[in-house]
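>>> quick one, fold the following:
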Amino acid sequence: MDGLAEIRSHGTSINGIVCNGHKGLLQSIENIPAQMCQLHMIQIIRRLLTNSPHQQASIELLELVRKLTKGNGEAFSEQFGNWCKEWDPFLKERTILSSGKSTYTHRRLRAAQNTLRYHLPWFFTYQIVPELKIPNTTNKLEGTNSEQKRRLHSHNGLTETNKKKFIDGFLKTWGKPSE
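As a prediction, this is how the structure comes out:
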């Protein structure tokens, strides 16, 4: 990836990546352990199923996904596999539209299942390579970005050059202990 090459060109070594799972991003990263942010996955599934679904299959899937940050890879994969087997006939149900065409009846639930299936290989990277101490969420990074935006907003009259200097200085001092 060009972005990773650019980062490396400045002398930064990349031991692992945590991202929010844009389609294709995780697959395009080669030879670097990649972790899908578990909280982003919970949000994606919650948006597809709503916060309080009515169908039993959706209730069970949402309950399983909400345990994502507390579980381990093998147990989650097994439970998800069992859920898929149990609800397979339900997920294959089709509805005939007035146009005569048919569509899957439970499209959003199928979308949730497919999203989980697609991202499953990257849910527990932090457990597979514990020596790298990869976080399972992007929370720390997002907290850093939020703090940076708050501080930069206080200086809204800066030129673009000075904004870049401000951001560079912020990143150099962020996380260092106070003296």
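>>> per-residue pLDDT, the closest residue to residue 33 other than its chain neighbours?
Residue nearest to residue 33 in three dimensions, not counting chain neighbours: residue 16, with 4.4 Å by CB to CB, 6 or more residues apart in numbering. From N, CA and C alone the C-beta is placed, and that goes for glycine too. According to the model's per-residue confidence, residue 16 sits at a pLDDT of 84.
>>> so residue 16 makes contact with residue 31?
No. No contact is recorded between residue 16 and residue 31 when judged using CB atoms under 8 Å, the distance being 11.1 Å.
>>> which one of those two has more residues nearby?
In this view residue 16 and residue 31 are compared by other CB atoms under 10 Å, and residue 16 has more residues nearby, 16 against 5.
>>> and that one, how far from residue 71?
When CB to CB, to the nearest Å is applied, the distance between residue 16 and residue 71 equals 20 Å.
>>> then residue 93?
Residue 93 sits 29 Å away from residue 71 when distances are taken as CB to CB.
>>> higher neighbour count, these two?
Neighbours per residue, other CB under 10 Å: of residue 93 and residue 71, the larger number sits with residue 71, 16 against 10.
>>> count of neighbours near residue 58?
The local packing of residue 58 (other CB under 10 Å) involves 20 other residues.
>>> Provide a list of residues in contact with the residue nearest to residue 33.
Shown here is residue 16, whose contacts under the criterion CB atoms under 8 Å, 6 or more residues apart in numbering are 32-35, 125, 129, 132, 134.
>>> and those residues, which are buried?
For the contacts of residue 16, a neighbour count by 16 or more other CB atoms under 10 Å gives the buried set as 33-35, 125, 134.
>>> save those as CSV, and put in distance to residue 88, pLDDT and secondary structure too.
Rendered in CSV, the data for the buried ones among the contacts of residue 16 read as follows (distance: CB to CB, whole Å; pLDDT from 0 to 100; DSSP: H, G, I helix; E, B strand; the rest coil):
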residue, distance to residue 88, pLDDT, secondary structure
33, 32, 91, coil
34, 29, 88, strand
35, 29, 90, strand
125, 28, 91, helix
134, 33, 87, coil
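>>> and which of those is nearest to residue 26?
Of all the buried ones among the contacts of residue 16, the one with the least separation from residue 26 (CB to CB) is residue 34, at 5.2 Å.
>>> I'd like to know how far that closest one sits from residue 117.
Counting by CB to CB, the gap between residue 34 and residue 117 amounts to 17 Å.
>>> so the residue nearest to residue 111 when sequence neighbours are not counted is in which element?
Counting by CB to CB, 6+ apart, the nearest residue to residue 111 once its immediate chain neighbours are dropped is residue 48, at 5.4 Å. Element membership for residue 48 (DSSP states H and E) is helix 38-49.
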